[in-house]
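Colleague: Sequence and computational prediction follow.
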Amino acid sequence: MSPERPLLSVRDLRTWLDAGDAIVRAVDRVSFDVRRGETFALVGESGCGKSMTALSIMRLLPDAGGIVGGSVELDGQDLLQMPESGMRDVRGRRIGMIFQEPALSLNPVMTAGEQVAEALRRHTPLEGGALAARVRELLEAVRIPDAARRKDEYPFQLSGGMKQRVMIAMALACDPELLVADEPTTALDVTIQAQVLDVLRELQKTRRMSLMLITHDLGVVSGMAHRVAVMYAGEIVETASRDAFFARPAHPYSRKLFDSLPSGSKRDGALAVIRGSVPALTREFTGCRFADRCDSAWELCRKSVPGLYDAGNGQIARCHLYAPGADKSEKWGQSRISERDSSMQSQKIDSDPIFPDPIFPITSNESLLLVKDLKVHFPVHGGLLKRVVARVRAVDGVSLEIEAGRTLGLVGESGCGKTTVGKGILRLVEPTGGQVVFNGSDLAHLSRAALRPMRKHFQIIFQDPYASLNPRMRVLETLEEGMAALGLGEGREARQARVDALLAEVGLDPEVKFRYPHEFSGGQRQRIAIARALSVEPRLIICDEPTSALDVSVQAQILNLLKALQRKKGLAYLFISHNISVIEFLAHEVAVMYLGRIVEHGHVDEVLRAPRHPYTRALLSAVPVLDRTTKREVIRLQGELPSPVSPPAGCHFHPRCPDAFERCGQAYPDSARFTASHTAACHLYPMV
Amino acid sequence: MPFKIVILWTDALIYLLVVVVLLLAWHVRRHEHLAAPWRKVARSPGGLAAAALLALFVVIGLADSVHYRPSVAVKDGKTVYAVEVLSLLDAIAAPLRARKEKTYSAPLATRLFAKETIELPGGGQARDYPRLKHGGAHLEQPEEQWASDIARRALWGAAAGVVLWLVLAILLCALLARRAGADVDEIWRAIWRGETEVPWRAVLVTLAVVLVAGMPLLALAAKYHVFGTDKVGQDVFYQSLKSIRTGLVIGTLTTLVMLPFALLLGVMAGYFKGWVDDAIQYLYTTLSSIPGVLLIAAAVLMMQVYIETHPELFDTVTARADLRLLFLCVILGITSWTGLARLLRGEALKLREMEYIQAAHAFGVSHWRILTRHILPNVMHIVLIAVVMDFSGLVLAEAVLSYVGVGVDPSTISFGTMINSARLEMARDPMVWWSLAAAFCFMLLMVLSANLFADAVRDAFDPRIRTARPFRLAAQKA
């Protein structure tokens, strides 16, 4: 076994999917190597074929898929030529795999320990006590606290992060040479993600195991990978070492990906967007697959398929710019001229520069909505007579002030109650207590009928663009519904005209109103959802993670649109998100929530640049960053979010807090005020 | 007027059902997303063949649902109508209905099944199997001529079937050709190569089987009792044909009764939750805890008593029997809505949390509008699947109930009553098997085609079933 030979060598892999009426070339001539002991990251947006590549390597493709050509060599042995029985010895034994959704990859009727033991029994002769010892050893290796007890628990008793660790323990059971991790932390919160990534990084280092990491998150790549490959439309368009890739991405697509990431430094302008959408993989390509969306494309890009060229620095890019003999400076200059219109959606809003001075005059400090001590408790029924035995304190005394034309970002991990705040304000869930004051009337205590005329001032945009539009209603009916229900628009004619105007406003062709939602992509659906919210001329839109289900490039489009609409119409947003960089890009003010309460509140620069509350600090430090050169101290939180049914006594955060002292366990701290706008609820800061 | 149209209760409801189905079909045709799954049904050969067979049953059932009373005399300028209510099917199959024998006779027999004392022409008596009054009565020497006569008629029938099939097939081709603007010849070849989008080949094959098997039956039925006769000498083939309507009525009208309960209560329970959900759940758990047969028996017997104490309400026997049939549908409907309601409750529970419903709440859209515009259209596929699947179960339930004696009126011909009356004769030696066999065959054909059709419908409508073909490498490489 020569040390130079890579552990996994994929050559010209082609995987096709039978979509019924067409063949989808999901993976098209993909070649790469994974060396021993290295972390190899495969990056790309959804639908680019990265998961299909992983499943092809494991030979676990769905029924409709098949490997059409190429080879996958594990240590010189071609996995594609192996019989299925031989392959079963490879899976789990030599290659382990972790999937995205820990909740779905564990069997709910088997204990954590049994599931790990199952993998061991299949591949090793271990029995009885030795087996139990090994299981415990593995669970400890993935840092499951109290492993002896946890191994007898069922998946429903474990939190998401725990489940993912059990999955990792299963994958590691037989010391595989290669671990394939398909979006291992996408379903997890940032603080938990940081813990899981730590576990993976450490295991990889101590066991000299190769790790193939599949992700869409460049931040995760930056923290984990040694080498990076970028996939686009079924092909690898760039491979590079981590440092070279983050210092200077070579392929125009990689560059665009970086440009479209939101961040605080891009606040004052629009994000770069990749126009158009990923081409359908059902057709044959005669040129570069990215040509239609590329700013630097010229005629050659459409005519001939680029090969993989050396871009210097050990980087390889599938782009004509790097073809030997190509004069780069000239091509770069030329490319700027070839701006062209894109087909489906008019790009007006996307390409409009956002005006430095807003059209709508923002009169600051004009309070639009005042939330005072909002409480939303959900009763937990139990016993024979279904009496209320406990209460889930989803929102437990939240006070907010939203100013007209401004954006308040509400940040927190899943389960902290931030979505419930939004729904409580709109009375989509009934508040248990507190006030929502608008125009002198308390929305939280109005009757359903009295609330109706007020509803046109507040609207909501949801997270999942696939669930937020009724599949049985055309766009026209969807947009008309709100106007009809609130009695806006004189008759059908006026409403129809308004629908056209709304669609144009969100950058869609008015002709699309006769279509059904399934004909649109995720980004387009989200535009329709925004148009629906705008249809009643609201003054406040509650955005409930509107971009978290979207790819980075589409997210950039939607964020730009939201920003442009705010400037144009003077909308106020309550922007709920777990994504700090999105908040940093969009929000004027930030409130950080933990377990139903706001722990820190202030201007975006104050909170994100100089966080005072220990939770905010930990949260910010857990966010993976692209730039690994600036050293920063990462605060690792212990444990998980406690249950809101029985929050810890005193400060809710104290069991996990690195700075906790005696008083923290006794009383919930009052808010300490640092500046006119910046407050934090923590005992570290005695009342100023 | 030589006859008076009689619209029985079940007739009226069947007409209503036909109108509703036609309206729905028209509505579906105009909406692409509704039409798409039906097109998928039309593309499945099994489903289409089953639909063709089912259509035949429906046509027979519909013909049996047009009732009239023929006039018998004119008295004082007023026409007097017969007390007997006949249907279009009775009129078409008049010879079958009228040609009654004395008692049992085997299929295609020329003599009775039991020995009787016959007066010999020359005086004197003999115990022998007497000739049938109608079955094979045209034969001079039944023993010698019987076999060749049967064979000749069957062949003629088959030949007529082939001709009829050819005519229909060519008509279909001509129609398709006109629509596609192509040659009849081309279309014909395309059908047989299986290149048409709708698998007409499956329809034509089914039609061929039905015609080649059915036409000899009809040809023989003209002179013989193809399925024999029952205890009172009635033609079993005629009874089987009449049973079809009863089965269809039970299978379809019951769902008509059941749907409002299931839809409204199921969707409301899931949508409103809280005490509404509790109340509805208690209702259906209670209802489904009572043995269905017991409830049905009690209700039907009560109805029986009511009918018998109020004879003045019914001008004919058929009207009486019909009311009892309708009542059976109602009571079956009331006891069988719980399953679908439970399904719909679960679906509505899921849908109410969907974000588009939350968005509708944010607009202040009324509960009723949310139920009708957002929830109902999104559960319709479940309703459709359940209704089609329930059909066969209900047809079988009728047979069981009538067999037990709490089903339809004894004067109504149904698969259940046929089986019930044949039950005792199974113990005879030699056995009287034909009533049971005929009921069995007809019911099997009907239920099987309904089930196959239901499968095709479910495959097309159920979003959870992905009918992706496994990827075939060899085929793709070629």
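Modeller: Cool, the structure landed.
Colleague: next structured bit after the longest helix seen in chain B?
Modeller: Ranked by residue count under DSSP state H, the longest helix found in chain B is helix B:142-180. Downstream of helix B:142-180, the first helix or strand assigned by DSSP states H and E is helix B:184-192.
Colleague: Which strands or helices does that following helix pack on?
Modeller: helix B:142-180, helix B:200-221 (3 or more CB pairs under 8 Å, 6 or more residues apart in numbering or on different chains; DSSP states H and E). All C-beta spots, glycine's among them, are computed from the backbone N, C-alpha and C.
Colleague: what pLDDT does residue A:613 get?
Modeller: pLDDT, residue A:613: 92.
Colleague: what's the domain layout of chain B?
Modeller: Chain B breaks down by automatic domain parsing into domains covering B:139-222, B:237-461.
Colleague: Check whether stretch A:389-403 comes near chain B.
Modeller: No - Stretch A:389-403 lies apart from chain B when judged by CB under 8 Å from any CB of the partner chain; the minimum separation is 14.9 Å.
Colleague: Tell me where the stretch 201-350 of chain A has strands.
Modeller: A:210-215, A:227-232, A:235-241, A:309-310, A:316-317 (DSSP state E, counting those that start in this stretch).
Colleague: which residues touch the second one?
Modeller: Under the contact criterion CB atoms under 8 Å, 6 or more residues apart in numbering or on different chains, strand A:227-232 has outside partners A:30, A:32, A:35, A:38-45, A:48-50, A:53, A:221, A:236-242, A:245, A:249, A:251, A:253-254, A:257, A:278, A:289-290.
Colleague: Quick check, residue B:369 in contact with residue A:484.
Modeller: No - at 9.0 Å, residue B:369 does not count as touching residue A:484 under the criterion of CB atoms under 8 Å.
Colleague: Go ahead and flag the most central residue of chain A.
Modeller: Residue closest to the average C-alpha location in chain A (CA atoms, centre = their mean): residue A:548, at 4.7 Å.
Colleague: tell me which element it is part of?
Modeller: Assigned by DSSP H and E, residue A:548 falls within no helix or strand.
Colleague: Identify the residues contacting it.
Modeller: Going by CB under 8 Å, 6+ apart, residue A:548 touches A:463, A:577, A:578, A:579.
Colleague: same thing with residue B:447?
Modeller: Each residue near residue B:447 by CB under 8 Å, 6+ apart is listed here: B:392, B:395, B:396.
Colleague: where's the first one, which helix or strand?
Modeller: Spelled out, it's residue B:392. helix B:376-404.
Colleague: what's whatever helix or strand comes next after that helix packed up against?
Modeller: Downstream of helix B:376-404, the first helix or strand assigned by DSSP H and E is helix B:415-423. Applying 3+ CB pairs under 8 Å, 6+ apart, one finds that helix B:415-423 contacts helix B:236-272, helix B:376-404, helix B:434-461.
Colleague: Report the buried residues of helix B:415-423.
Modeller: When burial is assessed from 16 or more other CB atoms under 10 Å in any protein chain shown, helix B:415-423 yields the following buried residues: B:415, B:416, B:417, B:418, B:419, B:420, B:421, B:422.
Colleague: ok, those vs residue A:431, which is closest?
Modeller: The closest of those to residue A:431 turns out to be residue B:416 (CB to CB; 59.1 Å).
Colleague: burial of the closest residue in space to the closest one that isn't next to it in sequence, as a residue count?
Modeller: Spatial nearest neighbour of residue B:416, chain neighbours left out: residue B:402 (2.3 Å); criterion: CB to CB, 6 or more residues apart in numbering or on different chains. Residue B:402: 26 surrounding residues under other CB atoms under 10 Å in any protein chain shown.
Colleague: and the lengthiest strand in chain B, C-alpha only, in PDB?
Modeller: Assignment by DSSP state E gives strand B:67-75 as the longest strand of chain B. Provided in PDB are the C-alpha atoms of strand B:67-75 (Å, rounded to 0.1, in the frame of the first residue of the first chain):
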ATOM      1  CA  HIS B  67     -89.000   2.400 -14.100                       C
ATOM      2  CA  TYR B  68     -92.600   2.600 -15.600                       C
ATOM      3  CA  ARG B  69     -96.000   1.000 -15.200                       C
ATOM      4  CA  PRO B  70     -97.500  -0.300 -18.400                       C
ATOM      5  CA  SER B  71    -101.200   0.400 -19.000                       C
ATOM      6  CA  VAL B  72    -103.500  -2.600 -18.800                       C
ATOM      7  CA  ALA B  73    -106.900  -1.100 -19.700                       C
ATOM      8  CA  VAL B  74    -108.900   2.000 -20.300                       C
ATOM      9  CA  LYS B  75    -111.800   2.400 -17.900                       C
END
